[in-house]
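[1] below are the sequence and a predicted model for it; my questions follow.
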Amino acid sequence: MTALNDSGLDAPPPVEDPTDALSPAPPAGARRSAVPGGRLKFCYGPMDCGKSTLALQIDHNHARQGRRGLVLVRHDRSGVPQITSRIGITRRATEVAAVTDVRELVRAQWALGQHVDYIIVDEAQFLSPAQVDQLAELADEAGVDVYCFGIATDFRSRLFPGAARLFEVADDLQPVQVEVLCWCGLPGRFNARVRDDKILREGDTVVVADTERVIVETSASARSDAEMATVRYQVLCRRHFRSGDLGPATEHHGQLRLS
Ligand SMILES: [Zn+2]
């Protein structure tokens, strides 16, 4: 196949480059006949930034337009399978256990004759990487739109495994815009774990399963009730997360006091 360039000379033949990663794309008309894939979206932000409220709003908007969805939660702070917004809205949700295959939840709906147009996952940072891959498969193979909401990093400022996998494979990454402010007034990005007004930087991110609440506690320490009562989380800007400065009168911040 040859083509003429502006000067009327034969264009050089296409170079066969086996290292070229780009594959040929079909023309737009061919794309229209293909089965459209769903989108996998991850909305992330620090604690208290309004993620659960946004999740419930998206569910409401889709349902109002006649779409059918599954609302899933990996762990919810209320202890029952529902999405709980801190401003007081709740909705029943399906609890996803560590061993749950998310695809099976969708197939169970299909078996009942129900279609699934979208999936909303709250506390998505606690999904396993395999569960995130299952959601990606549902988007690609079944055309399901997937909206994941969660925290990106743990109290050590390290990515949660589920959040890391979402950053790797999601189509869209969106920081939630409702800003939580550090005590200094800058946007807060880090969830500091605080005990006795000191930031804890060590410990495993082990979820205390018997309460099913979002409690991430070090497995190395003894967990007496008295100790749990003193553990809380505080959202800080990077500078104050790094320096460990919790600001004046930290007892009045009281974010997420776990008692
Ligand atoms: Zn600050």
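    Here it is on my side, so go on.

[2] ok, which stretches of this protein are strands?
    With DSSP state E as the definition, the chain shows strands at residue ranges 40-44, 69-73, 82-84, 90-92, 94-95, 118-122, 145-150, 172-175, 190-195, 198-200, 206-207, 216-217, 231-236.

[3] tell me, which of these is the model least confident about?
    Set side by side, those show their lowest mean pLDDT on strand 216-217, which sits at a mean of 40.

[4] distance to the ion and mean neighbour count for the strands of the chain - can I get that in CSV?
    Heads up, the C-betas are built off the backbone N, CA and C, glycines and all. Output for these, formatted as CSV (distance: least, C-beta to the ion, whole Å; neighbours: other C-beta atoms under 10 Å):
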stretch, distance to the ion, mean neighbour count
strand 40-44, 20, 23
strand 69-73, 30, 23
strand 82-84, 27, 21
strand 90-92, 32, 14
strand 94-95, 35, 15
strand 118-122, 27, 25
strand 145-150, 23, 25
strand 172-175, 18, 13
strand 190-195, 10, 22
strand 198-200, 13, 16
strand 206-207, 28, 14
strand 216-217, 22, 21
strand 231-236, 6, 24
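
[5] of all these, which one comes closest to residue 183?
    Each of the strands of the chain was scored for nearness to residue 183 using C-beta to C-beta, and the closest is strand 231-236 (7.6 Å).

[6] name the helices or strands packed onto that closest one?
    Under the contact definition 3 or more C-beta pairs under 8 Å, 6 or more residues apart in numbering; DSSP states H and E, strand 231-236 sits against strand 190-195.

[7] how far off centre is the strand it packs on?
    Its chain's C-alpha centre and that of strand 190-195 lie 19 Å apart, by C-alpha atoms, centre = their mean, to the nearest Å.

[8] any residues touching that strand, and which ones?
    Counting contacts by C-beta atoms under 8 Å, 6 or more residues apart in numbering, the residues outside strand 190-195 that touch it are 46-47, 151, 153-155, 157, 199-200, 203, 216, 227, 230-238, 241, 246, 250.

[9] do you know which of the strands of the chain lies nearest residue 133?
    Proximity of the strands of the chain to residue 133 was assessed by C-beta to C-beta; the nearest stretch is strand 40-44, lying at 10.1 Å.

[10] any idea of the angle that closest one forms with strand 145-150?
    Relative orientation of strand 40-44 versus strand 145-150 (axes from the mean of the first three to the mean of the last three C-alpha atoms, to 10 degrees): 20 degrees.

[11] for strand 40-44, packing partners?
    Strand 40-44 sits against helix 51-64, helix 129-142, strand 145-150, helix 161-169, strand 172-175, with contacts defined as 3+ C-beta pairs under 8 Å, 6+ apart.

[12] switch to 6 Å and redo it
    Counting contacts by 3 or more C-beta pairs under 6 Å, 6 or more residues apart in numbering; DSSP states H and E, strand 40-44 packs against helix 129-142, strand 145-150, strand 172-175.

[13] domains in this protein, as residue ranges please.
    Structurally, the chain divides into domains by automatic domain parsing as follows: 36-175, 190-243.

[14] can you give me the end-to-end distance of the last one?
    Its first and final residues considered, domain 190-243 spans 12 Å by C-alpha to C-alpha, to the nearest Å.

[15] fine by me, thanks again.
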